[in-house]
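Colleague: take a look and give me a structure for this.
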Amino acid sequence: MTWLPPADDVLRVTLLGTGIPNAQINAFGTSTLIEAGEERILIDCGRGTVIRLSQLGLGVGHVDRIFLSHYHSDHFAGLFDMAMTGTIRQKFGGRNGPLHVHGPPGIERIAEGAWIATGPDRDIRVADNEIDAEHMRIIPHEYAEGVVYDRGGLVIRAIEVDHGDFIDIAYGFRVEYAGRVFVHSHDTRYNENLIAQAHGADVFVHEVAAARPEVQEAMPAVKLVMEHHASPAEVGRVFAQTRPKLALLTHLVLLKPDPVSINEVMQELAAEYDGTVMVAEDLLSIEIGRNISVIPFHRGAKPDGGL
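Modeller: Numbers count the residues shown, from 1 in each chain. Sure, this is the predicted structure:
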């Protein structure tokens with residue numbers, strides 16, 4: 001499989017992972033690849049990000065830098081794999097310098113911990129003259145709400161969202177390139193700040209969670225999870241107020257027992273929003289140009305991604 005860069009005036013978004021903390025073979029941890037001109041950015045780096053990049057035929061070195069939305073494991077557990085695998089001087093690795101990672105307050109702790117945790121692997125590979133030790137280093141960059149990246153015509157804005165009372169800071173993102181706009185809520189409850197900054201989006205991806213009322217009443221743990229996310233009706237109201245050209249659901253938290261079906265989610269959402277809504281899946285690419293093209297992953301590609 002040959003992964004070609006997008007056309008000069010096209011913003012390409014590939015949803016590498018659309019899952020939740022539960023380990024699922026078809027929905028890895030949250031991760032989104034942004035490609036625009038010469039820029040290649042990863043937003044979040046959940047479990048299995050390296051594998052998903054490989055399935056596209058891309059080495060880890062294809063990514064210039066990473067932005068983390070918040071510090072739940074399903075959004076950054078793949079970071080250490082990126083740091084280690086990227087140093088290897090083969091096509092599946094190929095990073096020629098340290099890994100730049102941007103995050104809310106706390107990113108320095110992650111960078112320091114990663115350097116310690118990856119030490120044994122680094123020592124062996126340096127002794128074998130296999131890698132440059134400094135290429136395994138994570139360079140931390142702390143960010144706040146506003147423009148967090150502006151290069152080559154690609155502008156990324158962090159949007160402060162609300163992921164629950166005890167999560168100090170979490171962010172969604174607005175990505176702009178060549179007049180195209182992509183917005184990803186990442187993990188949040190219904191949030192007016194997100195709505196205000198999502199107007200004009202060509203494509204808007206929003207998380208969703210659902211549980212039956214009787215389950216929430218009987219199980220405090222389920223109710224607690226729901227208090228960290230947006231319900232289908234709330235997501236419908238978000239889309240109704242922002243009117244994107246294309247809306248997608250991701251990070252579907254359908255809580256047991258007796259989980260709500262995707263059809264029921266869509267029915268509840270449709271009561272609030274009359275536009276087109278898709279359910280995202282891993283490796284789905286969206287090319288935003290004069291038109292919007294949604295491109296499912298070609299599963300007939302070589303299992304090793306051709307690397």
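
Colleague: touching, residue 89 and residue 129? I think so.
Modeller: No. Look at residue 89 against residue 129 with Cβ atoms under 8 Å: they stay out of range, at 9.9 Å. Quick note: C-beta positions are derived from backbone N, CA and C, even for glycine.

Colleague: who's more crowded, the two?
Modeller: More crowded of residue 89 and residue 129, by other Cβ atoms under 10 Å: residue 89, with 15 against 8.

Colleague: find the nearest non-adjacent residue to residue 173, please.
Modeller: residue 184 (5.3 Å; Cβ to Cβ, 6 or more residues apart in numbering).

Colleague: which pLDDT value belongs to the closest residue in space to residue 103 that isn't next to it in sequence?
Modeller: In this structure, residue 103 finds its nearest non-sequential neighbour in residue 68, 4.0 Å apart by Cβ to Cβ, 6+ apart. pLDDT recorded at residue 68 is 98.

Colleague: and if you look at residue 4?
Modeller: 89.

Colleague: how many residues are close by it?
Modeller: Residues near residue 4, counting by other Cβ under 10 Å: 7.

Colleague: and if you look at residue 122?
Modeller: 22.

Colleague: which element is it on?
Modeller: helix 119-127 (DSSP states H and E).

Colleague: please save the CA atoms from that helix in CSV.
Modeller: Output of helix 119-127 as CSV, limited to C-alpha atoms (Å, rounded to 0.1, in the frame of the first residue of the first chain):
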residue,chain,number,x,y,z
GLY,A,119,16.2,3.5,29.4
PRO,A,120,16.7,-0.3,29.3
ASP,A,121,15.7,-0.5,25.6
ARG,A,122,17.8,2.6,24.8
ASP,A,123,20.9,1.2,26.5
ILE,A,124,20.8,-2.0,24.5
ARG,A,125,20.2,-0.3,21.2
VAL,A,126,22.9,2.3,21.8
ALA,A,127,25.4,-0.5,22.7
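
Colleague: now that helix: mean pLDDT?
Modeller: Computed over helix 119-127, the average pLDDT equals 97.

Colleague: what's the following helix or strand after it?
Modeller: Using DSSP H and E, the next helix or strand after helix 119-127 towards the C-terminus is strand 138-142.
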